[in-house]
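Undergrad: Predicted model and sequence below, questions to follow.
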Amino acid sequence: MGAPDLAVEIISPRDSAKRAEQKAHRWLAGGALMVWTVDPKTRTVKVYESTSSVAVLGEAHVLTGGTVLPGFKLPVSEIFI
């Protein structure tokens, strides 16, 4: 069994952004094609497509699925309603 194409990590109040980043890197190393880390504290989503390709999306941005989920679009602001 391999890694999922997309992994989503929601940072809990007891967790840290650094730990979420480490988990994202482990998912990518394991074969995931994309990782989203959702940070309710900063109301941002980080999109990892590799360890060196990271996009930080705020509430004014739209989260897309790229080649992993073609056609998927969700305003980041709707995640934090």
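TA: On my side now, so go ahead.
Undergrad: Report the beta-bridge partners for the residue positioned nearest the centre of the chain.
TA: Of all residues in the chain, the one closest to the mean position by CA atoms, centre = their mean is W36, 0.9 Å from it. Under DSSP bridges, the beta-bridge partners of W36 are V8, V47.
Undergrad: Pretty sure it sits against I11.
TA: No: if you go by CB atoms under 8 Å, W36 and I11 don't touch, sitting 10.9 Å apart. All C-beta spots, glycine's among them, are computed from the backbone N, C-alpha and C.
Undergrad: which residues does the closest residue to G58 other than its chain neighbours contact?
TA: Nearest residue to G58, sequence neighbours excluded (CB to CB, 6 or more residues apart in numbering): T44, at 5.5 Å. By CB atoms under 8 Å, 6 or more residues apart in numbering, the contact list for T44 reads 38, 56-58, 76.
Undergrad: Tell me which entries of these lie within strands.
TA: Among the contacts of T44, the ones falling in strands (DSSP state E) are 38, 56-57.
Undergrad: In a markdown table: these, plus pLDDT, neighbour count and distance to L6.
TA: A markdown table is the format used below for those (pLDDT from 0 to 100; neighbours: other CB atoms under 10 Å; distance: CB to CB, whole Å):
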| residue | pLDDT | neighbour count | distance to L6 |
| --- | --- | --- | --- |
| V38 | 97 | 19 | 13 |
| V56 | 97 | 12 | 18 |
| L57 | 98 | 19 | 15 |
